[in-house]
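Asks: Coordinates for the following, if possible.
(chains A and B)
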Protein chains: 2
Amino acid sequence: MGEFELIRYYFANQPATASVALGIGDDCALLQVPVGQQLAVSIDSLVEGTHFLPGTDPARLAERLLGAAVSDLAAMGASPLWFTLALTLPEATEAWLEPFARRLAERAAELGIVLVGGDTTRGPLALSAQVHGAVMPGKALTRAGAQPGDLICVTGTLGDSAAGLQTLFDNTPSSAEVAFLQQRYYCPQPRLTAGQQLAGVASACLDISDGLLGDLNHILQATAQPLGAQIITDQLPLSAAMLQQFGHIQGHKWALSGGEDFELCFTLPAAQRDHLATLTTPVTVVGEILARPGIFLQYPDGQLITVPPSGFNHFAS
Amino acid sequence: MGEFELIRYYFANQPATASVALGIGDDCALLQVPVGQQLAVSIDSLVEGTHFLPGTDPARLAERLLGAAVSDLAAMGASPLWFTLALTLPEATEAWLEPFARRLAERAAELGIVLVGGDTTRGPLALSAQVHGAVMPGKALTRAGAQPGDLICVTGTLGDSAAGLQTLFDNTPSSAEVAFLQQRYYCPQPRLTAGQQLAGVASACLDISDGLLGDLNHILQATAQPLGAQIITDQLPLSAAMLQQFGHIQGHKWALSGGEDFELCFTLPAAQRDHLATLTTPVTVVGEILARPGIFLQYPDGQLITVPPSGFNHFAS
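Replies: Alright, predicted model coming up:
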């Protein structure tokens, strides 16, 4: 099969959706944004050798790519609509395309998002997904808006993805804990419901892709006035698998600076604290926004550590 | 400068536009599609070693990437709105980013499109642009809809891009003709005005990226009934530079099967022929849609050649 036939065969049959007037196969897809709503868009890439090792199962790439991209919609409080895919492959083979396309379709159905277009080219393995979602004007969760005294909250547990990656590097023997951590690394679960429930309520929100410290710093930098944050390290939510496999000291390190958790970090006016009980997603208050710059880690032994702003830098050596 | 600073420095300052509620720098951009219009989206990639040679001037990459992507909007009759950029670079240097970002901003302004988001990662040089445009429902130009008897029309001149690439391979000494052909290769001029003027008028339309034969075949395949086409080779529009540099025999070859002209190929009911005079873009009638399958090339000496459907296949050896 040639390029056109391969692409048509594996990607052309997408579920019909009312908002898609014309899907894959023309120069453009034609789409109908829900009346009265804004469009939220984000693009994310995965590159072999940078984000994953050569030989990674294509099904794993499909779920990581889509999970990470849709997480950006969750972080805005948007509802997923459509995505496009730019796929660069050394060669187009059934052995790669079949498991990739199958898992992509499964995850897309689970996340409620539809593939509407793409471009497939030859070259070093790389994947980009652009996702589109809808959100009511004025309700989107942005990074800007935190105020001194706001609670700093996170969904789920932190650091699992970095721990899962470590077990892959270490070839750690399989166990229920190891499987859980590796699944957290491979298959991001965008916090769509939490994002939508927080839209119009949280004062700032983003998804944690660079580690809590790095991403929290984005929130602190997004306001005109210089802000800071205090984190109570003892409050950082760690999974049972993390505690079992690595313990709380290593767990806290990864919670603070491990990458790709894709949990939400949001700030909430203290007066809205009761709202947390209405969320259907586990949420933990881990600290508070301060009026003075800097991030301060409060340890249970009374130690207070001031950390320099740092994030995961793809181009740092 | 780290990644975040580099990106912020070179890409963060984009022109303010009413349709952009939130631009670069958050998890998603927030966008307002013009009321009552459909969204047209397309994604296009350029990969080093596949689409361009190592060491290509980054400013040239910027204009090719954006021109090729926006051409898909032109082919639908859509008006450009926004684009996102996925950039994979071996290293993020000012020497590369500065000329790239500068030319990208220039071309974006010329084409009336605004950068609203992106993702920059480390890896082998590759670029993807996703473009968004607006079109009135029911007016978009698709590939489907040609009927027997329809005129086959093209904008501008064909084959120039392939000729320009040949002069680059040959290191042809510079001249006005060579400069023209190379400019046609480097800097696609999306036929936005023609596309918009043809919206609701042409029966089918696409942009020529794989050569007239390959792309015309997409139009023939897009209808339920099997269609064919007759092309009068003598009518194929060639530029003065093409005729001067390569002559009409080679020119016709490239017009039929050279890639990346980014001119429009559209079909028009014969009764609408007068509409061609109202277009502000040069258009040539090059043939006619037939009820019987196959593409037939009518040569001026009376020779009739039947060509197999063929397009530019990225994965063909």
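
Asks: Quick check: closest non-adjacent residue to the closest residue to chain B within the stretch 51-200 of chain A.
Replies: At 3.5 Å from chain B, residue A:123 is the closest residue in the stretch 51-200 of chain A, using CB to the nearest CB. C-beta coordinates here come from the backbone N, C-alpha and C atoms, glycine included. Spatially, and ignoring its direct neighbours in sequence, residue A:123 is nearest to residue B:47 (3.5 Å; CB to CB, 6 or more residues apart in numbering or on different chains).

Asks: now the strands: where do they sit in the stretch 1-150 of chain A?
Replies: For the stretch 1-150 of chain A, the strands defined by DSSP state E, counting those that start in this stretch occupy A:20-22, A:29-31, A:38-47, A:79-89, A:114-122, A:126-135.

Asks: Ok, the stretch 151-300 of chain A next?
Replies: Using DSSP E, counting those that start in this stretch, strands in the stretch 151-300 of chain A cover A:151-155, A:204-207, A:228-232, A:264-268, A:283-290, A:294-298.

Asks: wait, which of those is closest to residue B:153?
Replies: For residue B:153, the closest of these is strand A:204-207, at 48.2 Å, according to CB to CB.

Asks: packing partners for the closest one?
Replies: The contact analysis (3 or more CB pairs under 8 Å, 6 or more residues apart in numbering or on different chains; DSSP states H and E) places strand A:204-207 against helix A:58-76, helix A:212-221, strand A:264-268.

Asks: Mind listing what's buried along the second one?
Replies: For helix A:212-221, the neighbour count (16 or more other CB atoms under 10 Å in any protein chain shown) marks A:212-220 as buried.

Asks: what about it and chain B, touching?
Replies: No. Counting by CB under 8 Å from any CB of the partner chain, chain B is not contacted by helix A:212-221; separation bottoms out at 8.6 Å.

Asks: Could you list every helix and strand in contact with that helix?
Replies: strand A:204-207, strand A:228-232, helix A:240-257, strand A:264-268, strand A:294-298.

Asks: rerun at 10 Å
Replies: In terms of contacts (3 or more CB pairs under 10 Å, 6 or more residues apart in numbering or on different chains; DSSP states H and E), helix A:212-221 is packed against strand A:151-155, strand A:204-207, strand A:228-232, helix A:240-257, strand A:264-268, strand A:283-290, strand A:294-298, helix B:3-11.

Asks: Which of those has the lowest mean pLDDT?
Replies: Of all the helices and strands packed on helix A:212-221, helix B:3-11 carries the lowest average pLDDT, namely a mean of 75.

Asks: Give me the packing partners of it, helices and strands only.
Replies: For helix B:3-11, the packing partners by 3+ CB pairs under 10 Å, 6+ apart come out as helix A:212-221, strand B:79-89, helix B:94-111, strand B:114-122.

Asks: Apply 7 Å and report the result again.
Replies: Secondary-structure packing of helix B:3-11 (3 or more CB pairs under 7 Å, 6 or more residues apart in numbering or on different chains; DSSP states H and E): helix B:94-111, strand B:114-122.

Asks: out of the ones you listed, deepest packed?
Replies: Highest mean neighbour count of the helices and strands packed on helix B:3-11: strand B:114-122, a mean of 23 (counted as mean count of other CB atoms under 10 Å in any protein chain shown).

Asks: Quick one: list the elements packing against that strand.
Replies: If you count contacts as 3+ CB pairs under 7 Å, 6+ apart, strand B:114-122 packs onto strand A:38-47, helix B:3-11, strand B:29-31, strand B:79-89.

Asks: Quick check: neighbours of the last one in the sheet, parallel or antiparallel?
Replies: Each strand that strand B:79-89 pairs with, and the sense of that pairing, follows from DSSP bridges: strand B:114-122 (parallel), strand B:126-135 (antiparallel).

Asks: Can you lay out those strands as TSV showing mean pLDDT and distance to residue A:299?
Replies: Shown next, in TSV, are the strands paired with strand B:79-89 (pLDDT from 0 to 100; distance: least, CB to CB, whole Å):
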stretch	mean pLDDT	distance to residue A:299
strand B:114-122	92	34
strand B:126-135	97	44
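
Asks: one step back: go through the helices and strands packed on helix A:212-221 and name the closest to residue B:161.
Replies: helix B:3-11 (27.8 Å).

Asks: and that closest one with strand B:114-122, angle?
Replies: 150 degrees (axes from the mean of the first three to the mean of the last three CA atoms, to 10 degrees).

Asks: Can I get helix B:3-11 in PDB? Just the C-alpha atoms.
Replies: The C-alpha coordinates for helix B:3-11 follow below in PDB (Å, rounded to 0.1, in the frame of the first residue of the first chain):
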ATOM      1  CA  GLU B   3      13.700  27.100  26.500                       C
ATOM      2  CA  PHE B   4      10.900  29.100  28.100                       C
ATOM      3  CA  GLU B   5      12.700  32.400  27.800                       C
ATOM      4  CA  LEU B   6      13.700  31.700  24.100                       C
ATOM      5  CA  ILE B   7      10.200  30.900  23.200                       C
ATOM      6  CA  ARG B   8       8.700  33.800  25.000                       C
ATOM      7  CA  TYR B   9      11.300  36.200  23.500                       C
ATOM      8  CA  TYR B  10      10.800  35.200  19.900                       C
ATOM      9  CA  PHE B  11       7.200  34.100  19.700                       C
END
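
Asks: Which one, of the strands of the stretch 151-300 of chain A, ends up nearest to residue A:28?
Replies: Ranking those by proximity to residue A:28 (CB to CB) places strand A:204-207 first, at 28.5 Å.

Asks: out of the helices and strands packed on helix A:212-221, nearest to residue A:36?
Replies: Using CB to CB, the nearest of these to residue A:36 is strand A:204-207, at 22.0 Å.

Asks: For that closest one, which strands pair with it and how are they oriented?
Replies: Its sheet considered, strand A:204-207 pairs with strand A:264-268 (antiparallel) by DSSP bridges.

Asks: what's the strand it pairs with in contact with?
Replies: Identification of contacts with strand A:264-268 by CB atoms under 7 Å, 6 or more residues apart in numbering or on different chains yields A:74-75, A:141, A:146, A:150-155, A:191, A:194-195, A:198, A:202-208, A:212, A:215-216, A:219, A:275, A:289.

Asks: rerun at 6 Å
Replies: Residues outside strand A:264-268 that contact it (CB atoms under 6 Å, 6 or more residues apart in numbering or on different chains) are A:146, A:150-155, A:191, A:194, A:198, A:202-208, A:215, A:289.

Asks: about what we covered before: ok, of the helices and strands packed on strand B:114-122, where does mean pLDDT dip lowest?
Replies: Among the helices and strands packed on strand B:114-122, helix B:3-11 carries the lowest mean pLDDT, a mean of 75.

Asks: now it against helix A:212-221, angle please.
Replies: Helix B:3-11 and helix A:212-221 are oriented at 40 degrees to each other (the same axes, to 10 degrees).

Asks: how far off helix B:94-111 does helix B:3-11 point, in degrees?
Replies: 40 degrees.

Asks: how far does helix B:3-11 sit from the chain's center?
Replies: For helix B:3-11, the separation from the chain centroid amounts to 29 Å (computed by CA atoms, centre = their mean, to the nearest Å).

Asks: related to what we said a few turns ago, for the contacts of strand A:264-268, which ChimeraX command selects only the ones that are buried?
Replies: Buried members of the contacts of strand A:264-268, defined by 16+ other CB under 10 Å, are picked up in ChimeraX with:
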select /A:146,150,151,152,153,154,155,191,194,198,202,203,204,205,206,207,208,215,289
